[in-house]
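In: Structure of the sequence below:
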Amino acid sequence: MTGLEADVREAYTRFGEREARGNSPFYEDVCALIAADDALLERISTLPPAKRQPNLVLGAARFLGAPDDDAEAFVTWLTRRWGEVEAVARERATQTNEAGRCATLLPFVAEAARGRPIALVEVGCSAGLALFPDLYVYRFRTSGGETVVGGGSPELTTTVAGEGVDGRALPADIPQVAWRGGLDLNPLDVLTDSDAARDNARWLEALVWPGQRERVNRLRGCIATVRDHLATHPDDRPHVIRGDVVADLDALLAAVPSDLHLVLFHSAVLAYTDETTRAEFTRRMGELGSRAGGFTWISNEGPGVMPGIAATVPHNVDVPAGRFVLAVDGVARALVGPHGQAIEFFAG
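Out: Sure, this is the predicted structure:
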């Protein structure tokens with residue numbers, strides 16, 4: 001659910017019952033109150049359709065200091081301060097930069113690298129924290145024990161399961177990233193020493209749902225790690241451009257060193273595009289398979305976003321609500337938690 005529906009009441013009801021439930025009891029209560037408030041729904045309806053989504057409106061309120069310990073107080077605050085919330089919602093966009101996803105992406109990035117330096121590109125990179133998987137440390141928890149990979153900070157932990165778990169499924173070491181690049185409609189700077197960067201970091205924190213303190217701490221830790229790294233390695237700053245997932249992709253790819261194997265990934269991005277854009281993007285991924293330096297495409301999206309990939313999920317696997325399908329070169333390889341908290345490998 002993207003929250004872009006024309007029926008605002010339905011959008012907030014569905015968000016509370018299907019997404020917030022079990023993840024953020026506070027947001028579940030808030031959405032139920034908003035869905036029952038005709039006057040507030042009318043105000044939200046004055047926003048452009050893409051700006052009405054719960055994540056954006058609720059995040060804008062929290063960015064401005066709305067209380068997040070009492071649902072009724074939150075909705076009262078939202079009503080009284082609607083003009084300010086509306087301004088932030090119109091100016092900003094939902095850009096959850098969840099570096100925790102690196103834990104579920106890493107096995108497939110390392111597989112693609114095969115010990116070689118790689119160029120790493122993220123479509124929908126936001127603040128670019130997921131472009132630095134080599135700076136973090138990973139703890140993979142399996143039924144037989146734990147595997148720790150890397151020596152950086154912060155620690156990214158994921159629970160591992162599935163028929164495909166064996167000694168080859170988990171990476172032995174961290175891949176070497178020789179070049180980094182990103183594409184985003186509105187790339188955010190959180191890494192420089194500026195007021196704007198600090199505001200952007202606060203915005204990313206506001207988009208983390210109430211009660212998910214671990215994610216906030218992880219976000220802060222990743223920002224600190226990457227900032228420290230770039231202070232001593234300024235040449236390692238990613239090549240990030242502003243643009244559309246299809247129209248501007250080639251401009252970014254033209255900058256990738258031709259001798260490096262290119263690993264391109266995206267997480268929870270294509271759900272915010274239309275079917276025509278998704279089809280064109282998929283076609284472009286197929287063309288890149290002939291790239292001279294080599295190419296690997298890693299897709300990490302909701303199960304209903306890319307029907308072609310969904311069709312490759314093994315027939316004996318049911319995709320539970322709240323799970324993404326991770327695919328490599330268009331073939332489903334695992335089910336993963338949306339924030340990198342779990343991975344279930346498919347057999348084969």
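
In: which stretches of the stretch 101-250 of the chain have low pLDDT?
Out: Low-confidence segments of the stretch 101-250 of the chain, defined by pLDDT under 70: 163-164, 166-168.

In: Do a quick rundown of the helices in it.
Out: Per DSSP state H, counting those that start in this stretch, the stretch 101-250 of the chain carries helices over the ranges 102-113, 195-206, 213-232, 249-253.

In: Tell me which of those lies nearest to residue 339.
Out: Shortest distance between residue 339 and the helices of the stretch 101-250 of the chain, using C-beta to C-beta, is found for helix 213-232: 6.4 Å. Heads up, the C-betas are built off the backbone N, CA and C, glycines and all.

In: Which elements pack onto that closest one?
Out: Where contact means 3 or more C-beta pairs under 8 Å, 6 or more residues apart in numbering; DSSP states H and E, helix 213-232 is packed against helix 195-206.

In: Quick check: buried residues in the helix it packs on?
Out: 197, 200-201, 203-206 (16 or more other C-beta atoms under 10 Å).

In: For that helix, give me every contacting residue.
Out: The contact list for helix 195-206 (C-beta atoms under 8 Å, 6 or more residues apart in numbering) reads 59-60, 62-63, 92, 95-97, 126-127, 188-191, 216, 219-220, 223.

In: related to what we said a few turns ago, as CSV, the helices of the stretch 101-250 of the chain with distance to residue 15 would be great.
Out: Converted to CSV, the helices of the stretch 101-250 of the chain look like this (distance: least, C-beta to C-beta, whole Å):
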stretch, distance to residue 15
helix 102-113, 24
helix 195-206, 16
helix 213-232, 18
helix 249-253, 30
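
In: and among these, the most buried is which?
Out: Compared across these, helix 102-113 shows the largest average neighbour count, a mean of 23 (mean count of other C-beta atoms under 10 Å).

In: what distance separates that one from the centre of its chain?
Out: Averaging C-alpha positions (C-alpha atoms, centre = their mean, to the nearest Å) puts helix 102-113 15 Å from its chain's average.

In: Send over it as CSV, restricted to the C-alpha atoms.
Out: What follows is helix 102-113, C-alpha atoms only, in CSV (Å, rounded to 0.1, in the frame of the first residue of the first chain):
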residue,chain,number,x,y,z
CYS,A,102,22.1,-3.9,3.9
ALA,A,103,22.0,-7.1,6.1
THR,A,104,19.6,-8.9,3.7
LEU,A,105,21.2,-7.4,0.6
LEU,A,106,24.8,-8.3,1.5
PRO,A,107,24.8,-12.0,0.7
PHE,A,108,23.7,-11.3,-2.8
VAL,A,109,26.0,-8.3,-3.3
ALA,A,110,28.9,-10.5,-2.1
GLU,A,111,27.8,-13.3,-4.4
ALA,A,112,27.8,-10.9,-7.4
ALA,A,113,31.2,-9.5,-6.5
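
In: quick one: contacts of it?
Out: With contacts defined as C-beta under 8 Å, 6+ apart, helix 102-113 is touched by 118, 120, 130, 133, 136, 138, 140, 149, 156-158, 169-176, 261, 263, 265, 267, 296, 298, 300, 326, 328, 333-334, 336-337, 340, 342-343.
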